[in-house]
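Enquirer: Sequence plus predicted model, see below.
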Amino acid sequence: MSAAPVIRSRSLELMPGVQLNVHAVCGPQGSVLIDTGIASMRPQVLDLCAEAQRVAPLRFVLLTHIHADHIGCNRAVWEATAVPFAAAGAIPWAEDLERHYREFCVTDALPDSPGQRREIMSLMDGPVPIQLLLVEGNRFFLGGGVELETIAFPGHKLEEVGFLEARTGTLILGDVLLALAAPFFHGFQTATGFAASLTRLEDLLASGRVQQVRTSHHPPMSPEGALQAAQQTRQALEEVRVATLEAARGVTFEALWREVSRRLGRQAEFRGYATLRAQVGELVGAGELRRDGPLILRS
């Protein structure tokens with residue numbers, strides 16, 4: 001017998017204009033939690049787990065991607081439920097938070113600092129083992145015809161996925177649609193991959209399979225609203241590309257990063273540093289930029 005899924009969320013305001021959402025999807029035979037938010041959300045996240053468990057046993061925690069604001073209550077959920085965690089990659093970042101911090105946040109231009117360390121590490125409550133590697137097409141059957149299909153959306157993070165619940169047409173995403181109200185670059189690890197993921201999302205929205213989109217940093221959206229957000233994200237990617245090309249006038253990478261941050265009104269911090277590193281690498285590969293020793297300039 002078929003059944004309607006139960007989909008619930010918990011939210012907080014992460015910063016002005018940017019919310020943070022954690023979701024649960026429940027069928028008659030099983031439930032899943034999607035992402036775990038930040039450490040300060042512990043009461044809400046554990047309450048969401050309990051609410052899901054009242055519908056059906058919690059089977060998995062599915063991570064859209066491994067960034068601090070998506071794995072912050074991992075330890076609390078793992079200790080409360082003992083369910084397996086699943087992610088598409090970057091697994092050491094969930095299992096070793098010091099490595100997560102060091103590889104994500106510390107650069108030559110921005111060395112470690114007590115303030116930055118407190119800010120980032122306080123978002124996460126502890127490591128957990130990742131027991132399942134997510135790949136495109138993985139399906140999670142929750143009974144009564146309720147199932148989640150895993151869809152790859154690389155860009156913001158190389159190993160990012162979303163989940164489509166076909167019966168209600170609910171698409172649950174991480175950061176495919178960027179939080180553009182943030183004062184820093186929400187950023188990406190691949191510009192070309194991100195553009196391809198946005199095209200895939202737009203095609204999916206046009207197919208009629210999606211009736212509602214729930215993301216990590218936006219209120220629930222209609223397909224029309226999600227399409228508009230995808231266009232805004234695409235525009236933001238183009239602004240980074242154009243600003244990078246315009247600022248590349250025989251400057252070092254650090255000078256380029258600071259100038260692009262200034263031009264686009266973003267904080268010069270580690271997320272932008274990683275974004276510009278990815279953008280420069282792709283533009284050099286495409287022949288639009290070239291390196292002359294430590295300097296970067298237009299080809």
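Expert: Received it, and whenever you're ready, just let me know what you need.
Enquirer: Low-confidence ranges, this protein, go.
Expert: For the chain, applying pLDDT under 70 flags the ranges 1.
Enquirer: in it, which residue is closest to the centre?
Expert: The chain has residue 175 as the residue nearest its centroid, 3.5 Å off, counting by Cα atoms, centre = their mean.
Enquirer: Give me the nearest residue to that residue, chain neighbours excluded.
Expert: residue 156 (4.3 Å; Cβ to Cβ, 6 or more residues apart in numbering). Bear in mind the C-beta positions are built from the backbone N, C-alpha and C, glycine included.
Enquirer: how about that neighbour, secondary structure?
Expert: coil (DSSP: H, G, I helix; E, B strand; the rest coil).
Enquirer: I'd guessed it sits against residue 179; true?
Expert: No. With contact defined as Cβ atoms under 8 Å, residue 156 does not reach residue 179; the gap is 9.8 Å.
Enquirer: so what sits against both of the two?
Expert: residue 186 (Cβ atoms under 8 Å, 6 or more residues apart in numbering).
Enquirer: Compare those two and say which one has the larger neighbour count.
Expert: Set residue 156 next to residue 179 and count neighbours by other Cβ atoms under 10 Å: residue 156 wins out with 26 against 21.
Enquirer: For the more buried one, which residues are in contact?
Expert: Here residue 156 is in contact with 65, 174-176, 178, 186-189, 194 (Cβ under 8 Å, 6+ apart).
Enquirer: go on, residue 184?
Expert: Contacts of residue 184 by Cβ under 8 Å, 6+ apart are 266-267, 269, 271-272.
Enquirer: Kindly provide the distance from residue 186 to residue 290.
Expert: 28 Å (Cβ to Cβ, to the nearest Å).
Enquirer: The two - which one has more neighbours?
Expert: Ranked by neighbour count (other Cβ under 10 Å), residue 186 and residue 290 place residue 186 first, with 20 against 13.
Enquirer: which non-adjacent residue is nearest the more buried one?
Expert: Spatial nearest neighbour of residue 186, excluding adjacent residues (Cβ to Cβ, 6+ apart): residue 178 at 4.2 Å.
Enquirer: again, but for residue 169
Expert: residue 211 (3.2 Å).
Enquirer: State the phi and psi torsions of that neighbour.
Expert: phi -110, psi -20 (degrees, to the nearest 10).
Enquirer: residue contacts, residue 222?
Expert: If you count contacts by Cβ under 8 Å, 6+ apart, residue 222 has them with 211-213.
Enquirer: Of those, just the buried ones, PyMOL syntax please.
Expert: Applied in PyMOL, the following selects the buried portion of those according to 16 or more other Cβ atoms under 10 Å:
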select buried, resi 212+213
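Enquirer: In CSV: the contacts of residue 222, plus distance to residue 99.
Expert: Shown next, in CSV, are the contacts of residue 222 (distance: Cβ to Cβ, whole Å):
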residue, distance to residue 99
211, 39
212, 36
213, 32
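Enquirer: number of nearby residues for residue 70?
Expert: Residue 70: 27 neighbours (other Cβ under 10 Å).
Enquirer: what separates it from residue 201, distance-wise?
Expert: 18 Å.
Enquirer: where along this protein do the helices fall?
Expert: Using DSSP state H, the helices of the chain run over 42-55, 74-81, 92-95, 97-105, 114-121, 191-206, 223-247, 253-263, 270-285.
Enquirer: Mind checking these for the one nearest to residue 168?
Expert: Between residue 168 and those, the shortest gap by Cβ to Cβ is with helix 223-247, which sits at 12.9 Å.
Enquirer: Same question for the closest one: list its buried residues.
Expert: 223, 225-227, 229-230, 233-234, 236-237, 240-241, 243-245, 247.
Enquirer: Out of these, flag the one nearest to residue 282.
Expert: Distances from residue 282 to those, taken by Cβ to Cβ, are shortest for residue 241, at 8.8 Å.
Enquirer: Would you check that the closest one makes contact with residue 188?
Expert: No. Between residue 241 and residue 188 there is no contact under Cβ under 8 Å: 10.9 Å.
Enquirer: got a markdown table for the helices of the chain, with distance to residue 298 too?
Expert: Shown next, in a markdown table, are the helices of the chain (distance: least, Cβ to Cβ, whole Å):
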| stretch | distance to residue 298 |
| --- | --- |
| helix 42-55 | 47 |
| helix 74-81 | 44 |
| helix 92-95 | 35 |
| helix 97-105 | 30 |
| helix 114-121 | 33 |
| helix 191-206 | 17 |
| helix 223-247 | 6 |
| helix 253-263 | 12 |
| helix 270-285 | 9 |
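Enquirer: Determine which of those helices approaches residue 150 most closely.
Expert: Nearest of the helices of the chain (Cβ to Cβ): helix 191-206, 13.2 Å.
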